[in-house]
Each structure stands twice: as C-alpha cells, then as structure tokens.
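>>> okay, predicted coordinates and the sequence, questions at the end:
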Amino acid sequence: MEEVRAQVERVLRYPARVWTSPERPVDTLDPARGQHLSTRILRWLLAARPPEADRVVAVTDVDLFIPVLTFVFGEAQLRGSAAVVSTARLRSNPGAPSADPRVVTARVAKECIHELGHTFGLIHCDDPRCVMARSVSVPQVDAKGGALCRDCRIRLEESRREVGGPHG
Amino acid sequence: MDNRKTRILVVDDEEIVRESMAGWLEKDGYTVATAPDGPTAVERLRAEPWSILLVDLKMPGMDGLGVLEEARKLRPDAVVVIMTAYATVDTAVTAMKMGAFDYLVKPFDPEELSLLTQKIVAQQALARENILLRKVLKREYRFRDLLSNSPKMHAVFDLARVAARSHSTILVQGESGTGKELLARAIHVESPRSTGPFVAVSCAALTETLLESELFGHEKGAFTGAVSRRKGKFEAAHGGTLFLDEIGDVSPKLQLDLLRVLEERRFSRVGGTESIQVDVRIIAATNRDLKKALEDGRFREDLYYRLNVIPITLPPLRQRREDLPLLVEHFLEHLGVELGRKLEAVSAEGMRLLTAHDWPGNVRELRNVLERAAVVASGPILDVADLGLLEVHTEERQGSEGLASLEEVERRHIAEVLRRTGGNVSHAARILGIDRVTLYSKIKRYELRKEPESGT
C-alpha cells in the first residue's frame, strides 16, 4: 500500500496517507452475484472517512459491481470526495494464475489515481497513455501509463484552484 | 473528447441503477439525466432534446416499450437502447422491431456499454454531418423552391437572380408544370420588392369581363352585380409584384388595356373615370408559343415587346432528366412529412420507368404521380406497381367485359387530358376541342378536381 500511496501523492501532487478503517461497510454484498455493490460502499465511505481527509479512496479485495454491469474495477463520485478500487480482478492475468506483485501494485496505483482523478472532475481521456484513459479490462489497465497527460494535468490544476487545494 | 453535447437520459425505476449508471456515463463526459418512471421520461422528452435514451424494459405503470413509442414520436432522432433482464429478451426483440437501436441484457459488460455508446455517438455525428452536407448541396442546387442539377436550369437561376434585382418586366415561358409561378415567386422574394405583396392572376380561368374587373377593379354599378366598389389586382399588387399567368389566353381587348397600363403605369377601374397610378413589377407567364400567336395575329406585337423585356424559358422535365433523382428525393421528403409516413425511395425499376417517361405535365405531373404512389404503396419504397399509372396506356382489353359507357369514357378521357396537361384547363379545353366553360362544367359533373399549382 505504501507504494500505491507514494504514486498517488507523486502523480496528483497531493499529500496522501494510508488509513485502515476499523469498520467495514454493511449491506454491500449481493449474495446472488457474490459481489459487492460499489455505489453502496461509496455512500458508507462518505460517512466513515476521517474528517481531515479531502478525498478518500478505499482499496478492497472484494469484487465490485454496479447493478447494470457485470463488474467494475472501481467507482468514484465525479467532482465528489469518495472513490473505491477493487484488487480482485487486478490480481490475476486473463488466462494465467496470478500476476507479479509489482505488476499488481502498479495496476492498483493506476486505478486509485484514475478514480481520484474523477473526484477532481477529470473525465475519461482520449490519450491511451494517460492514466485517465478508459480501461475496462486488465490489458487496457496495463497498456496505459501511470501518469496524467498534459491536458489532464492542466485540468487537474484548474479544478484544484476552483475547489481550493490542500494548502489553499 | 467533447461528449458534453451528447445528452443521455437514463430511465429506470431503481434509484441505485439510475445513480450508478449516470455516474458511469458522466465519466465519459456525457451530459446525463435520469427519470424514475415512464411518465417523467416522456415529460423530459417533451421538454428537451436527447441524443440517447437508456430505458429499462420492466417498470411499473408505463414500461420501456411505452417510453420507446413516445420517444419515436417526440424525438425521432434520439436513439433508444432498451435494458432488459435475461428472461425478457423476447420483448427486447419486439423493442428492436419498434425502432429501438439495440438492447442490453443486464448485467452487461462495461466494455459493451462503452462500445455501444461510442458507436451511437459516432453514428449520430455522421448523421449530423450528412444533413449538413445535404443542406449545403441543396443550397447550390436551388433557387428558392426550385431545385435542379441541370446546367440549363442553373442558367435560368442565374438569369432570374439578376432579373430579380431590376424592375423590368419578365416574361416566363415554359410548358405546364415546369414551375413558372414558383419562379415568379422566387424572383419576387429575391427582389427589392420582397416586402411588398405578390399577387397572382390566372388570365385563362376567367371570362373577358370578369378578368377585366379582376385586374382593374370596378366602381359600384359598373355592371350588373357590381354592388360595391372593388379594388383590382393591379392596386392590390402596389409596391410588389403582379404575376399574370397564362397571358397568351388574354382577349384582344384586354391585350390593349394591359398595353396601356404597361406604357403609362396608370389605369381606371371598370366603370370609373379616376386615373389610378400604381408601382407594380409585372411577371407574365405562358405555356403557349407567343411568337407563333404573334404571327397568327392572335397576340399584339406591341404588347409582346412590352412583356418580353427579360425573357426566361423554363426547360421541360424531359430535357433535364438528370434532375429526376433530386426531384424524387425532394418530393418524397415532403410527401413523407405531409402523409406522416416514412418514404425512403423509388425502387431501381421504378426509377427506370420514371426516367423513360416523357412527362408532358412536367414536374407537377411527377409530383402527382409520386403522391398517388405514396398513397397506394404499402412500404417506404415506391415500386413499379405503385407508379402503375404510367403503364396504363399499354393495357389492352379483350371481349366485352369491362367495357365502359360513353359517359365513363368521356370522364376518363378528360381526366387523362387534364393529367397530361398538368391540370391546365385552357390547354386541356383546346385539346378536347371544347370551350373552357364547358370543360369546367364537365370537371364539376365528373368531380375531376383541377390539380393545384405545385411545380418545382
């Protein structure tokens, strides 16, 4: 997790720390699907997060879904303050048992940055190398870079000026 | 990517579905709104334009199919995607037949949703571009309501545009149904007099006395039935354009009266002495060969030269057959709106038939044939059978079965002559060898309505 934290701080230029929640969300599991509803986790997160945090991204090993989709890697509130990322599908390679832990860390970091990017109002980017590029499969996550493209970086700065950054 | 212009409406009775779906789509940059039920969705459809509707099939009250039906009526350009559970795929197929773009079986793969929305957005962008290009193309091919691809017509448009700027009298010659009145109206609209009135008079429809009073007006008691003073068309057209159609049918006495007005720009009402001055631009039209009428002594030479300041001749349709596809497309588009039906095209075989036809009634005849075909056709493609009228003449009958009475033959013959002359009563009367009054009474008796002027 420390590596993920460091990546988030470096790319988003926002101080980040790891927090372990003493509680777990309830009523998020859909027994028929064996998956957890990410939208409910976001609602819980808004109430449970530490008060000093401007943004919070939860990292979980359970598989996530939203009702109409088979799965999601993560979900975030656009221009909100909560996001969630699942490691369930990022831990494996399609057709292979499990991925190199360093590769998994890189994927989790990319998805955390991506979802937090949404909380800053960033939308999916057309640049396939940008971390904000849409990725709905593991190969797509691997294919994109871990940093923001120039346009998204500018948009992020603008958005932080509007809402007020950590020191402003 | 600028997806903000793409407006998506998510219709689902479950709040969690609306919220998560809207959240997912917003991250692609789309403008997203939600509706919890059918009636709310219809309300939003009515209030604003939408690009895509993602509609849940099963909802209490008005279901997804109900929303789809309303959307087809209110926003035919909006793409509707039905979301359904596995158990109701049959209904989803029904939805496709009703005009849904696609359906998604819940839960669907994130990639499937992304690809589908991207596909719709790309198609809509293409459709918009297509409409835009067609508009640009049409602007090049048209002079107001006249449409053409042919160099002959483009020369007419160029001349008409120049003529419109002047105040000179224009003489439009052309067969029935070539669009003489449309050209006159277009010239008026393009002229500095466009804010003034456009007044049209058909010189063939009235008797000499009636036409005289129609043109110049009359004073009270000027003749039996003149119970009050009435202004004529010349006065009505003051400051604008007076369109004198079928000028070749005017009697010698009226020819002289018209000549005086053209020379002096003043006249008196029938039965009056007061001299009235008017500022009127005259556009005269005829389907007759005026030069020949001149030689035969049926038309005054001096009047001919007064009228023939700027002569414009509209070519008959058979001399610009290359315009058929453009005209067919134009009329089908209009007829589709008029009839409230989707009319896509004339079949290839049908087009061959249209191209082979001689079109004595010109564009007006084409429009009439297409209108009839549109009414009888069962689908969006008009086929040979629907255009059947064109092949009627080759029909041969055997035996005594189906033989018509003399009256029936007369009725059919008059209808045919009227059709072939594009509804021009004077022309038809001349062919039939009877006078116009007799023809009018026969038209009334056989209920053969005179076709309205509608050339393009």
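In hand now; what should we look at?
>>> where does pLDDT dip in chain A?
A:94-98, A:163-168 (pLDDT under 70).
>>> how about the strands of it, start to end?
A:29-30, A:35-37, A:56-60, A:64-65, A:74-76, A:82-86 (DSSP state E).
>>> put together a markdown table for those, with mean neighbour count on each row.
Using the backbone N, CA and C atoms, a C-beta is placed for each residue, glycine as well. Formatted as a markdown table, these follow (neighbours: other CB atoms under 10 Å in any protein chain shown):
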| stretch | mean neighbour count |
| --- | --- |
| strand A:29-30 | 14 |
| strand A:35-37 | 21 |
| strand A:56-60 | 20 |
| strand A:64-65 | 22 |
| strand A:74-76 | 26 |
| strand A:82-86 | 27 |
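>>> and those strands as TSV, adding distance to B:V384?
Formatted as TSV, those follow (distance: least, CB to CB, whole Å):
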stretch	distance to B:V384
strand A:29-30	60
strand A:35-37	59
strand A:56-60	68
strand A:64-65	56
strand A:74-76	59
strand A:82-86	63
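>>> which of those sits closest to B:C203?
strand A:74-76 (77.2 Å; CB to CB).
>>> would the closest one count as contacting chain B?
Yes. Applying CB under 8 Å from any CB of the partner chain, one finds strand A:74-76 touching chain B at A:75-76.
>>> B:R229: which of the strands of chain A is closest?
strand A:74-76 (81.8 Å).
>>> partner strands of the closest one, with direction?
strand A:82-86 (antiparallel) (DSSP bridges).
>>> can you give me the helices for chain A?
For chain A, the helices defined by DSSP state H occupy A:2-12, A:38-48, A:101-119, A:138-143, A:150-163.
>>> can you mark which positions in stretch B:152-165 are buried?
Residues of stretch B:152-165 classed as buried: B:153, B:156-157, B:159-160, B:163-164 (neighbour count, 16 or more other CB atoms under 10 Å in any protein chain shown).
>>> same question for stretch B:284-300.
B:284-288, B:290, B:293, B:298-300.
>>> just list the residues touching B:V89, thanks.
B:103, B:105 (CB atoms under 8 Å, 6 or more residues apart in numbering or on different chains).
>>> what helix or strand does it sit in?
helix B:89-97 (DSSP states H and E).
>>> what mean pLDDT would you report for that helix?
The predicted model gives helix B:89-97 an average pLDDT of 81.
>>> ditto for stretch B:351-363
Computed over stretch B:351-363, the average pLDDT equals 90.
>>> what comes into contact with it?
So stretch B:351-363 is contacted by B:174-179, B:316-318, B:321, B:324-325, B:327-328, B:346, B:365-366, B:368-369, B:384, B:387, B:390-391, B:419-423, B:455-456 (CB under 8 Å, 6+ apart).
>>> hey, C-alpha coordinates of that stretch in CSV?
Provided in CSV are the C-alpha atoms of stretch B:351-363 (Å, rounded to 0.1, in the frame of the first residue of the first chain):
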residue,chain,number,x,y,z
MET,B,351,-36.7,5.0,-61.4
ARG,B,352,-36.1,3.4,-64.8
LEU,B,353,-39.8,3.8,-65.6
LEU,B,354,-39.7,7.4,-64.4
THR,B,355,-36.7,8.2,-66.5
ALA,B,356,-38.3,6.6,-69.6
HIS,B,357,-41.5,8.6,-69.2
ASP,B,358,-41.9,11.8,-71.3
TRP,B,359,-43.5,14.0,-68.6
PRO,B,360,-46.0,16.1,-70.7
GLY,B,361,-47.2,17.6,-67.4
ASN,B,362,-43.6,18.1,-66.2
VAL,B,363,-42.6,18.5,-62.6
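>>> distance of the closest residue to chain B within chain A relative to B:P315?
Among all residues of chain A, A:I66 sits closest to chain B, at 3.5 Å; criterion: CB to the nearest CB. Distance of A:I66 to B:P315, computed by CB to CB, to the nearest Å: 65 Å.
>>> so between these two, which is more surrounded?
A:I66 (23 against 18; other CB atoms under 10 Å in any protein chain shown).
>>> contacts only, for that one.
A:37-39, A:72, A:75, B:16, B:20-21, B:23-24.
>>> can you flag the buried ones in those?
A:37-39, A:72, A:75, B:20-21, B:23-24.
>>> pretty sure A:N93 contacts A:A99?
Yes. Between A:N93 and A:A99 a contact is recorded at 5.0 Å, counting by CB atoms under 8 Å.
>>> B:L211 looks like it's in a strand, true?
No. B:L211 is assigned helix when assessed by DSSP: H, G, I helix; E, B strand; the rest coil, not a strand.
>>> surely A:A109 and A:L12 touch.
No. Look at A:A109 against A:L12 with CB under 8 Å: they stay out of range, at 11.0 Å.
>>> pretty sure B:V328 is touching B:V346, no?
Yes. Using CB under 8 Å, B:V328 is in contact with B:V346, at 5.5 Å.
>>> which residues of chain B lie near chain A?
Counting by CB under 8 Å from any CB, chain B sits next to chain A at B:1, B:3, B:14, B:16-17, B:19-21, B:23-24, B:26-29, B:83, B:104, B:106-111, B:113-114.
>>> any of those buried? List them.
The buried subset of the residues of chain B next to chain A (16+ other CB under 10 Å) comprises B:3, B:17, B:19-21, B:23-24, B:26-29, B:83, B:104, B:106-107, B:110, B:113-114.
>>> which of the residues you listed fall in helices?
Those of these lying in helices (DSSP H): B:17, B:19-21, B:23-24, B:26, B:110, B:113-114.
>>> quick check: the farthest pair among these?
The span of those, defined through CB to CB, is set by B:E19 and B:S114 at 18.7 Å.
>>> need the helices of chain A in TSV with distance to B:A373, can you?
Shown next, in TSV, are the helices of chain A (distance: least, CB to CB, whole Å):
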stretch	distance to B:A373
helix A:2-12	66
helix A:38-48	55
helix A:101-119	56
helix A:138-143	53
helix A:150-163	55
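>>> please work out which of these is packed deepest.
When those are scored by mean count of other CB atoms under 10 Å in any protein chain shown, the highest mean neighbour count falls to helix A:101-119 (a mean of 22).
>>> dump the C-alpha coordinates for that helix into CSV.
Output of helix A:101-119 as CSV, limited to C-alpha atoms (Å, rounded to 0.1, in the frame of the first residue of the first chain):
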residue,chain,number,x,y,z
PRO,A,101,3.0,-8.5,-7.1
ARG,A,102,4.8,-5.5,-8.6
VAL,A,103,2.6,-5.5,-11.6
VAL,A,104,-0.5,-5.7,-9.4
THR,A,105,0.8,-2.8,-7.3
ALA,A,106,1.2,-0.7,-10.5
ARG,A,107,-2.3,-1.6,-11.6
VAL,A,108,-3.8,-0.7,-8.2
ALA,A,109,-1.9,2.6,-8.2
LYS,A,110,-3.2,3.5,-11.7
GLU,A,111,-6.8,2.7,-10.7
CYS,A,112,-6.5,4.7,-7.5
ILE,A,113,-5.1,7.7,-9.3
HIS,A,114,-7.8,7.2,-12.1
GLU,A,115,-10.7,7.1,-9.6
LEU,A,116,-9.3,10.0,-7.5
GLY,A,117,-8.9,11.9,-10.8
HIS,A,118,-12.7,11.6,-11.3
THR,A,119,-13.2,13.2,-7.8
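>>> quick one: is that helix near chain B?
Yes. Against chain B, helix A:101-119 shows contacts by CB under 8 Å from any CB at A:H118.
>>> quick one: contacts of that helix?
A:3-4, A:7-8, A:11-12, A:55, A:57, A:59, A:73-85, A:87, A:90-91, A:99, A:131-132, A:135, A:138, A:141-142, A:144, A:146, A:148, A:152, A:156, B:27.
>>> which one of the contacts of A:I66 is nearest B:F243?
Among the contacts of A:I66, and counting by CB to CB, the member closest to B:F243 is B:M21, at 59.9 Å.
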